[in-house]
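In: no sequence for this one, just the structure:
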C-alpha cells in the first residue's frame, strides 16, 4: 500500500511530490493539512493530531476517520508516523513537512533520524528528497545532482566516493559542513561506522 503522510507545511507544487500524493492508496493528514488536501481535490484516509486546526465542517464530514491525539510531548508528524507503524505500514512518503516556519522545517527533517530504525521514510519537498541512513550506502544518482549531508551526531565521520568534493573521514560537527556537494556519475557512496546520516538529493 502506497502511504503518504501530509504535514501542515507548504502544500507541494513540484510534479514529483504531487504525483506521489495523487498515486497514494492512503493519505494520513496531520491535523490542519486536511484542509489543504481537500482544497486540492483529494480525500484523506486518516486525520490525526490535536484536531484544533480542522474546521467544524471537516470534523463533521470526516468524523469516522478522525484520530485525536493530544499528547504534547510529540508533534503531529510523529503522531502520524506512530499511527502508520501501529497499523503495520512499513514504508511512508512524507510531504508538506517543510516551508512556512523554519523551526518546524528543521525539526521535521531531524525527526527522520528518529524514524529510520522503525519505518522506511522519505521526505519529499519541492526541490528534492531527504532520507536518513544508519549504515553505509550507495545511492543511484546522475551527474551534476546536488547533494547535502547532515548529522544529528556531531561526532559522525563520513567518507565518500563519486562526489565532486570528496569527503575523507569528515566529521559532520556542524550542519553546513556536508552541504553543497555534487554527484559526478550514476551513483555515489557514503561510508560511516555508526550514527545516522540525513541525505538530501535534489530532483
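Out: Received the coordinates, thanks. No experiment lies behind these values; they were computed from the predicted model shown.

In: Please name the residues that touch residue 22.
Out: Applying CB atoms under 8 Å, 6 or more residues apart in numbering to residue 22 gives the contacts residue 42. All C-beta atoms are positioned from the backbone trio N, CA, C, and that covers glycine.

In: What of residue 98?
Out: 9-10, 104-105, 108-109, 123, 125.

In: what about it, which SS state?
Out: Of the three states, residue 98 takes coil under DSSP: H, G, I helix; E, B strand; the rest coil.

In: any idea how far it is from residue 79?
Out: According to CB to CB, to the nearest Å, residue 98 stands 18 Å off from residue 79.

In: follow-up on the earlier one: in helices, which of the contacts of residue 98 fall?
Out: 104-105, 108-109 (DSSP state H).

In: Residue 139: which of these is nearest?
Out: Closest approach between the ones in helices among the contacts of residue 98 and residue 139, by CB to CB: residue 109, at 17.6 Å.

In: Excluding chain neighbours, give the residue nearest to the closest one in space.
Out: Excluding its sequence neighbours, the residue lying closest to residue 109 (CB to CB, 6 or more residues apart in numbering) is residue 130, at 5.6 Å.

In: what packs against whatever helix or strand the one you found lives in?
Out: Assessed by DSSP states H and E, residue 130 sits inside strand 128-133. Packing partners of strand 128-133 (3 or more CB pairs under 8 Å, 6 or more residues apart in numbering; DSSP states H and E): helix 102-115, strand 120-124, strand 197-202.

In: ok so, going back, just list whatever residues bridge to the residue nearest to residue 109.
Out: residue 123, residue 200 (DSSP bridges).

In: Now the buried members of the contacts of residue 98.
Out: 9-10, 104-105, 108-109, 123, 125 (16 or more other CB atoms under 10 Å).

In: Turn those residues into JSON lines, columns for pLDDT and distance to residue 192.
Out: Below are these laid out as JSON lines (pLDDT from 0 to 100; distance: CB to CB, whole Å):
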{"residue": "9", "pLDDT": "96", "distance to residue 192": "29"}
{"residue": "10", "pLDDT": "96", "distance to residue 192": "31"}
{"residue": "104", "pLDDT": "91", "distance to residue 192": "28"}
{"residue": "105", "pLDDT": "96", "distance to residue 192": "24"}
{"residue": "108", "pLDDT": "96", "distance to residue 192": "23"}
{"residue": "109", "pLDDT": "97", "distance to residue 192": "18"}
{"residue": "123", "pLDDT": "98", "distance to residue 192": "20"}
{"residue": "125", "pLDDT": "98", "distance to residue 192": "24"}
